[in-house]
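Take this sequence and fold it.
(one chain, ligands or ions: 1)
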Amino acid sequence: MLEKVDFGSRRIDAYRGVAPAELLDQLTAASADLRGVRVLHVNATPYGGGVSELLRSTVPLLNDLGLVAEWKIIRGDDTFFDATKAIHNALQGDPAALTQEQRTAYLDASEQNARLLTEEYDVVFVHDPQPVPIPSIRGRGESRWVWRCHIDTSQPNSDVWGLVRGLLGEYDAAVFTMEQFAPPDFPISRVELIPPAIDPLSPKNLELPEGMARQILDWIGVPADQPLVTQVARFDPWKDPLGVIEAYRLAREQVPDLQLALVGSMALDDPEGWEVYRRIETVADADPQIHVFTNLTGVGNIEVNAFQRLSEVVIQKSIREGFGLVVSEAMWKGTPVVAGRAGGTPLQVADGVGGVLVDDVEGCAAAMIKLLNDEGRRRSLGDAGRARVREHFLLPRLLLNEVMLIRDLVEARPISRSQEWFESRDPVCGMAIAARAAAPTAQHRERTYRFCSETCRERFRRDPARYVAQFEVS
Ligand code: UDP
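Residues are numbered from 1 along each chain as shown. As a prediction, this is how the structure comes out:
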C-alpha cells in the first residue's frame, strides 16, 4: 500500500464566524449527497511547500463533511526525485531536456507506486507531475481521476511536456490555478479553474493580539516601533529579493528609519536557495536596518504571522509567480500589499483592492513611499483586502469548488446547466461565489453570470464566448 499521511481532525463548524456563512451553508449542502464518497489525494511529500499545507487542512475537513478522504504519498529514491524536479522545472519552461536515466527513473518508480495503489476510490486527485503516470500504468479501475496541477505550465519544455502529456490519457478532469497556466494542446477536455486559498485557523493566519506579535518580533531582534516592510518568500531569483532591497533603499531616502525584513524558507537540499541567501547577506550585512531570517534560524509560522501583521506594508515583488499565497496571507491580516504583477497576484489584488500592483523597482519604491506616508490609505486598503480574502480566498471556498467537482464526477453528469449552477461560480477565474447579491454580474445569452471582481467581469465582457465555452463540455 502507498504510505498514508496522518492528519488531525478539523471541524468545518470552526469556520463559522470567520468565513462567510452563505459559503459554509453552500458547502454543507453541496456535500450532503456525498456521504461516504471515497476520495484520495496523492502527492509527493507530507510536509514542505504549498500542496502539503493545503492538504493538511482540506483532507480532514472533507472527512468532517461526510466524505471518506485519505491522503497518500508516493515513494521514490534520489534519482526519482531528481527526475521529478527536472520535470517540474521543465514544465515551468526550463529548456533542459530529461536524460534517459531520469526518464527511466521516473517511469520505473511510478510503476512501483502504481502497484502499491491497490484500493479503489470514487475520485483520486493526483497533485503535480510526480504521481501523474499512476493511472496509465495500473489502469483507471473504478475511480475518476483528476490531475491537480499547481504550477504554471503555460510554456513548457516541449520534450518533457510530450512525455507528461502522453501519461494523461486516463484522467477525467484537470484543475489549474489560473486559466493561463494550462499548457498548449491540453488533452483533458474537462478543465476546472480553482485558485488556492488560505486557512484562517492555521497558526500562520490565526488572530494574534498585537502585543504578542510585538513581543515575538522583539524576541527575534526587530524593533516594532520603527516602520517595517517585509517580504516573505523562498529565496528564489523569481521572487526578486535583490530588487526588494533596491526598492527599499530608494524608499529609505524618504523614510530614514524604515526597516526591511526578508523572511525566506530554506531547504537543506536546495542549493539555489543558499546561493540567493548568500547574495542577499552580502548586500544586507552592511545595513543594520535590513533583517534576514530563515526557517532554519527559528522563524516559523507564528513569526511569519507577526511579520505580516505588524509590517506597514508587505511586499511580494515577484517577477514570475504561481499563485502567491503570501499576498492573501498579508491581506487577511489587514496589511496592504505591494506586489509584482505576476501569476496570481492580479487576481488577489483585483480592482486595486488590498494593495498595489507594480512592474519594476522604481514602481515598487514609489508605491511603498506613498503608503508609508499615508496611514489612512494603508488602513482603507487593509480593510478592503481583508474583506476580499474573507469572501474569496479562505479555505471553505476552495472546498466548495472541490466538492462541486467531486459531485459532478461521481454523478457522472455533464456539467449541469441550471441557472443556479451558472451563478455559483465566476466563469473567468473559476472561484465558487457565495450566494449573495453584491457580486458584479453580466448577462450573456439570457444567462446571468457572477464575478469575484470588476476585473473578471471586464475580461468576460471582452470575450464571453471564450469563458462560456467551458460549460459546453460534457
Ligand atoms: N513561507 C513560510 N516561511 C518562509 C517563506 C515562505 O512559511 O520563510 C510560506 C508562506 O507563508 C506561504 C508559502 O510558504 O504560505 C509560500 O507560498 P507562495 O504561494 O507564496 O509561494 P511559493 O513558495 O509556493 O512559490
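
CA atoms for contacts and neighbours, from now on please.
Noted.

So which bits of this protein are right by the ligand?
50, 232-234, 263-265, 294-295, 300-301, 322-326 (Cα under 6 Å from any ligand atom).

for the stretch 351-474 of the chain, which spans come out with low pLDDT?
Residue ranges of the stretch 351-474 of the chain with pLDDT under 70: 413-419, 437, 470-474.

residue boundaries of the helices in it?
361-372, 375-392, 395-410, 419-423, 454-462, 464-468 (DSSP state H, counting those that start in this stretch).

okay, those helices in CSV with mean neighbour count next?
Supplementary listing: those in CSV, determined by neighbours: other Cα atoms under 10 Å:
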stretch, mean neighbour count
helix 361-372, 20
helix 375-392, 20
helix 395-410, 21
helix 419-423, 15
helix 454-462, 16
helix 464-468, 15
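
closest one to Pro60 among those helices?
Of all the helices of the stretch 351-474 of the chain, it is helix 395-410 that lies closest to Pro60, at 11.2 Å by Cα to Cα.

Give me the contact list for the closest one.
15, 19, 23-24, 26-27, 30-31, 34, 58, 62, 122-123, 144, 194-200, 414-415, 431-433 (Cα atoms under 8 Å, 6 or more residues apart in numbering).

Surely Pro95 is in contact with Trp161?
No: look at Pro95 against Trp161 with Cα atoms under 8 Å: they stay out of range, at 11.1 Å.

So for the two, which sits in the more crowded spot?
Trp161 (21 against 14; other Cα atoms under 10 Å).

Just give the number of residues close to the closest residue to Gly322 other than its chain neighbours.
Of all residues not flanking Gly322 in the chain, Gly343 sits nearest, at 5.2 Å (Cα to Cα, 6 or more residues apart in numbering). Neighbourhood size, Gly343 [other Cα under 10 Å]: 21.

can you pull the contacts of Pro156?
Contacts of Pro156 (Cα under 8 Å, 6+ apart): 90-94, 183.

at 10 Å instead, please
For Pro156, the contact set (Cα atoms under 10 Å, 6 or more residues apart in numbering) comprises 87-95, 162, 182-184.

Give the PyMOL command for selecting the buried subset of these.
The PyMOL selection below is limited to those of the contacts of Pro156 classed as buried (16 or more other Cα atoms under 10 Å):
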select buried, resi 87+88+89+90+91+92+93+94+182+183
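
distance of the residue lying closest to Ile369 once chain neighbours are set aside from Asp225?
Leaving aside its chain neighbours, Ile369 sits nearest to Ala251 (5.6 Å; criterion: Cα to Cα, 6+ apart). Between Ala251 and Asp225 the computed distance is 18 Å (Cα to Cα, to the nearest Å).

And the spatially most central residue of the chain, its phi and psi?
Central residue of the chain (Cα atoms, centre = their mean): Pro196, 4.0 Å from the mean position. Dihedral angles of Pro196 (phi, psi; degrees, to the nearest 10) stand at phi -70, psi 180.

so what's Arg140 scoring on pLDDT?
Note on Arg140: pLDDT of 94.

right, and it touches Pro133 too?
No: if you go by Cα atoms under 10 Å, Arg140 and Pro133 don't touch, sitting 11.0 Å apart.

Quick check: neighbours shared by the two?
The overlap between the contact sets of Arg140 and Pro133 (Cα under 10 Å, 6+ apart) consists of 169-170.

thought the residue nearest to Gly322 was touching Phe323?
Yes: contact status for Gly343 versus Phe323: in contact at 5.7 Å, counting by Cα under 10 Å.

residues bridging contact with the two, i.e. touching both?
Joint contacts of Gly343 and Phe323 (Cα under 10 Å, 6+ apart) are 151-152, 177-178.

can you redo the residues you listed as a markdown table with pLDDT, secondary structure and distance to Val244?
Output for these, formatted as a markdown table (pLDDT from 0 to 100; DSSP: H, G, I helix; E, B strand; the rest coil; distance: Cα to Cα, whole Å):
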| residue | pLDDT | secondary structure | distance to Val244 |
| --- | --- | --- | --- |
| Ile151 | 91 | coil | 24 |
| Asp152 | 92 | coil | 23 |
| Thr177 | 96 | coil | 26 |
| Met178 | 95 | coil | 26 |
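
Render the CA-only coordinates of stretch 150-166 in CSV, please.
Only the C-alpha atoms of stretch 150-166 are listed here, as CSV (Å, rounded to 0.1, in the frame of the first residue of the first chain):
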residue,chain,number,x,y,z
HIS,A,150,-0.4,23.7,-9.1
ILE,A,151,2.3,25.1,-11.3
ASP,A,152,2.3,27.4,-14.3
THR,A,153,2.7,25.1,-17.3
SER,A,154,1.8,27.6,-19.9
GLN,A,155,5.2,27.5,-21.7
PRO,A,156,6.5,24.0,-21.0
ASN,A,157,9.6,22.5,-22.4
SER,A,158,8.1,20.6,-25.4
ASP,A,159,10.1,17.4,-24.9
VAL,A,160,9.1,16.9,-21.3
TRP,A,161,5.5,18.1,-21.9
GLY,A,162,5.3,15.4,-24.6
LEU,A,163,6.2,12.8,-22.0
VAL,A,164,3.7,14.0,-19.4
ARG,A,165,1.0,14.7,-22.0
GLY,A,166,1.2,11.1,-23.1
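
so how far is that stretch off the chain centroid?
Put simply, stretch 150-166 sits 19 Å off its chain's centre (Cα atoms, centre = their mean, to the nearest Å).

can you pull the pLDDT of the residue nearest to the centre of the chain?
pLDDT, Pro196: 94.

how about it, what does it touch?
Pro196 sits next to 50-51, 54, 150, 176-178, 323-325, 328, 344, 392-395, 397-399, 431 when contact means Cα under 10 Å, 6+ apart.

ok, it to Arg103 distance?
30 Å.

same question, Cys452
Taken as Cα to Cα, the span from Cys452 to Arg103 is 42 Å.

Those two - which one has more neighbours?
More crowded of Cys452 and Arg103, by other Cα under 10 Å: Cys452, with 27 against 18.

which stretches of this protein have low pLDDT?
The model of the chain has pLDDT under 70 over residues 267-270, 413-419, 437, 470-474.

how is it carved up into domains?
The record's domain parsing of the chain by automatic domain parsing lists 3-193, 210-392.

Now tabulate those domains in TSV and tack on distance to Met404.
Shown next, in TSV, are these (distance: least, Cα to Cα, whole Å):
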stretch	distance to Met404
domain 3-193	7
domain 210-392	16
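
Out of these, which is closest to Pro427?
Taking Cα to Cα, domain 3-193 is the member of the domains of the chain nearest to Pro427, at 8.9 Å.

Now for Val124, how many residues are close by?
If you count neighbours by other Cα under 10 Å, Val124 ends up with 25.

nope, Glu179 is what I meant
By other Cα under 10 Å, 19 other residues sit near Glu179.

ditto for Leu55
Neighbours of Leu55 (other Cα under 10 Å): 20.

In which helix or strand does it reside?
According to DSSP states H and E, Leu55 maps onto helix 50-64.

What distance do you get for the residue in the stretch 101-250 of the chain positioned nearest to the ligand to Thr345?
Closest contact between the stretch 101-250 of the chain and the ligand, by Cα to the nearest ligand atom, is at Ala233 (4.2 Å). Relative to Thr345, Ala233 is positioned 14 Å away (Cα to Cα).
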